[in-house]
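Peer 1: Next come a sequence and a model predicted from it.
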Amino acid sequence: MTPISRSGAGRKKLAALICGALAAGGLAAAGTAALAPGVASASSHREAPLISGTPQYDNTDLYAFVSPDKPDTTTIVANWIPFEEPAGGPNFYQFADDAQYDLHIDNNGDALDDFIFRYTFSTQIKNKKTFLYNTGPVTSLTDPDLNITQSYDVELIKLKKGKQVYKTKIADDIPAAPSDVGDASMPDYAKLRSQAIYKTTNGGATFAGQADDPFFADLRVFDLLYGGNLSEVGNDTLKGYNVNTIALQVPNDLIRQSKSRPTVGIYSTTQRKNAKGYYTQVSRLGNPLVNEVVNPQKDKDKFNASEPKDDAQFLKNVTEPEIPKLIESIYKIKAPAEPRKDLVSVFLTGVKDLNTLQPYAKPSEMLRLNTSIKPTAHPKRLGVLDGDNAGFPNGRRLTDDVIDEALQVMEGELVGSKNDLGDAVDKNDKGFEKYFPYVAEPTSGSRGPLAKGTTSGSDVKNQLGDALQPAGSSSGTDNMMLIVASAASGVAGVLLIGAGVAWWRRRMSYRPY
């Protein structure tokens with residue numbers, strides 16, 4: 001007797017029968033299929049090996065500027081959780097409950113903290129028996145349909161020579177704005193955001209929640225500096241992605257030494273609680289791009305765990321930067337002579353007559369903001385390089401094009417080597433708001449085209465039968481018939497598969513081996 005081959009005619013017949021059954025049910029059901037998600041770009045602010053694996057603690061960007069509508073105050077914006085996909089449920093984006101999110105102020109140039117504003121979060125889940133983030137349309141931050149919520153406290157810690165003097169709570173149990181799940185779930189997200197803005201007793205304000213990522217750049221810089229021939233420029237890689245934002249507005253007189261000494265140093269950190277219950281610093285951010293492209297791999301995790309007072313250990317990374325050498329090797333543009341003292345002023349001490357903290361400030365990496373320079377009604381994206389002293393490197397505004405500025409400065413703009421280098425992405429894909437917290441609202445999880453035969457709207461159905469009828473469709477009966485037909489075809493497919501398997505077994509039972 002000849003044994004039955006695994007690739008024989010009998011097996012082919014069974015495969016054909018199963019494929020036909022699957023096609024009968026699956027293709028019919030495809031008539032009611034929803035939208036397929038697009039493929040997302042794979043890049044982010046993940047600047048160091050260790051922190052890239054823990055996005056809740058990853059501080060992506062820091063901004064500090066004199067508030068354009070309230071020039072007697074300073075606004076600090078810090079972001080976490082890079083590259084949030086708007087529809088990334090069912091576990092949407094939250095601050096970590098076991099973290100301290102700190103905003104640090106040094107107002108005398110000694111590289112030691114004088115103030116810390118500390119944010120800590122707590123997560124609440126109303127119904128743990130459902131996988132849903134929200135169980136219906138959410139119309140307020142206290143809506144019972146918002147199943148998962150977060151609240152936070154803000155502590156103001158006063159220090160002297162780096163040692164805590166006192167601590168007070170300036171905000172308690174404040175609701176954070178949720179992730180924007182979609183138009184059906186959150187039909188008026190602007191209302192939810194406004195409810196998440198809290199006025200503090202000292203004349204300031206605080207906000208925490210999801211926002212559009214304000215950083216704009218073509219991150220194909222990491223593909224051999226824009227493709228090796230500048231062919232990969234002009235695409236805002238961060239377009240459509242969100243972040244979790246902490247925004248704080250405080251009176252200038254609270255954080256600066258005096259009107260005659262108006263400059264403050266600002267940086268942010270994340271501390272994570274370890275298994276022993278102690279907090280360990282895992283992320284640190286001051287000037288943009290420092291830990292991405294100034295520090296080499298060997299120093300990235302070390303920098304995230306370090307304090308500004310110890311930044312002398314990273315000095316060589318600034319005075320002998322890698323980027324100009326790479327540009328010279330790929331594009332044949334001669335690198336400026338080293339050591340780069342011009343970069344020391346930008347990143348470590350402040351620029352003379354602009355934002356130096358003190359005549360003999362200790363070199364340390366942080367943003368430096370001269371709070372006496374009033375905001376301009378028409379900000380220039382290149383900031384100080386274009387004569388606008390209210391912009392980077394005097395603090396950092398949301399509109400500052402720090403990629404172009406950093407490239408031009410790295411190539412010697414401040415030492416006579418004039419250039420117009422840039423990534424051809426000059427502004428954010430969304431406009432910023434005129435009032436606190438200034439960042440744009442997050443991109444909704446509903447983004448993308450609607451299903452065929454439907455219109456936009458927020459009429460959420462509460463029963464499964466109604467939910468199967470798309471909003472705006474003309475005939476519920478037609479849709480139900482299609483679904484029933486699809487289901488029937490699927491059942492028929494299962495029966496065909498079962499018949500095929502039974503036939504195969506009977507055939508096998510009569511085949512001796």
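Peer 2: Nice, thanks for sending it over.
Peer 1: Neighbours of residue 156, how many?
Peer 2: For residue 156, the neighbour count with other Cβ atoms under 10 Å is 18. For the C-beta atoms, the positions are set from N, CA and C on the backbone; glycine is no exception.
Peer 1: That one falls within a strand, correct?
Peer 2: Yes - with DSSP: H, G, I helix; E, B strand; the rest coil as the criterion, residue 156 is located in a strand.
Peer 1: In this structure it contacts residue 168, no?
Peer 2: Yes - between residue 156 and residue 168 there is a contact at 5.4 Å, judged by Cβ atoms under 8 Å.
Peer 1: Would you map the helices across the protein?
Peer 2: Assignment of helices within the chain using DSSP state H yields the ranges 9-29, 189-195, 224-225, 252-255, 297-304, 315-319, 323-331, 341-344, 402-410, 464-467, 476-509.
Peer 1: tell me the mean pLDDT for the longest one?
Peer 2: Just to be clear, that refers to helix 476-509. Mean pLDDT, taken over the full extent of helix 476-509, equals 48.
Peer 1: Who are the contact partners of the nearest residue to residue 412 once chain neighbours are set aside?
Peer 2: Counting by Cβ to Cβ, 6 or more residues apart in numbering, the nearest residue to residue 412 once its immediate chain neighbours are dropped is residue 336, at 3.7 Å. Applying Cβ atoms under 8 Å, 6 or more residues apart in numbering to residue 336 gives the contacts 324, 342, 411, 412, 415, 417.
Peer 1: What distance do you get for residue 336 to residue 354?
Peer 2: According to Cβ to Cβ, to the nearest Å, residue 336 stands 20 Å off from residue 354.
Peer 1: Quickly list what the nearest residue to residue 105 once chain neighbours are set aside is bridged to.
Peer 2: In this structure, residue 105 finds its nearest non-sequential neighbour in residue 115, 4.0 Å apart by Cβ to Cβ, 6+ apart. Here residue 115 shows beta-bridge partners residue 105, residue 158, assigned using DSSP bridges.
Peer 1: correct me, but residue 115 touches residue 159?
Peer 2: Yes - contact between residue 115 and residue 159 holds when scored by Cβ under 8 Å: they sit 7.0 Å apart.
Peer 1: related to what we said a few turns ago, who are the neighbours in contact with the residue nearest to residue 105?
Peer 2: Applying Cβ under 8 Å, 6+ apart, one finds that residue 115 lies in contact with 104, 105, 107, 156, 157, 158, 159, 254, 255.
Peer 1: any chance of those in JSON lines, with distance to residue 406 too?
Peer 2: As requested, the contacts of residue 115 are exported to JSON lines (distance: Cβ to Cβ, whole Å):
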{"residue": "104", "distance to residue 406": "22"}
{"residue": "105", "distance to residue 406": "24"}
{"residue": "107", "distance to residue 406": "26"}
{"residue": "156", "distance to residue 406": "32"}
{"residue": "157", "distance to residue 406": "32"}
{"residue": "158", "distance to residue 406": "34"}
{"residue": "159", "distance to residue 406": "31"}
{"residue": "254", "distance to residue 406": "30"}
{"residue": "255", "distance to residue 406": "26"}
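Peer 1: Pick the one among the residues you listed closest to residue 198.
Peer 2: Comparing the contacts of residue 115 against residue 198 with Cβ to Cβ picks out residue 156 as the nearest, at 14.2 Å.
Peer 1: mind checking pLDDT for residue 92?
Peer 2: In the prediction, the pLDDT value recorded for residue 92 is 97.
Peer 1: ok, the nearest residue to residue 419 once chain neighbours are set aside - contacts?
Peer 2: Closest residue in space to residue 419, ignoring its immediate chain neighbours: residue 411 at 5.0 Å, by Cβ to Cβ, 6+ apart. Residue 411 makes contacts with 324, 327, 333, 335, 336, 417, 419, 421, as judged by Cβ under 8 Å, 6+ apart.
Peer 1: Can you get me a residue count around the nearest residue to residue 146 once chain neighbours are set aside?
Peer 2: Sequence neighbours aside, residue 138 is the residue nearest to residue 146 in space, at 4.7 Å (criterion: Cβ to Cβ, 6+ apart). In terms of burial, residue 138 registers 24 neighbours under the definition other Cβ under 10 Å.
Peer 1: about what we covered before: any figure for the gap between the residue nearest to residue 105 and residue 71?
Peer 2: From residue 115 over to residue 71 (counting by Cβ to Cβ), the distance is 20 Å.
Peer 1: ok, now residue 162?
Peer 2: Spatial separation of residue 162 from residue 71 under the definition Cβ to Cβ is 30 Å.
Peer 1: and what of residue 420?
Peer 2: Here the distance between residue 420 and residue 71 works out to 31 Å (Cβ to Cβ).
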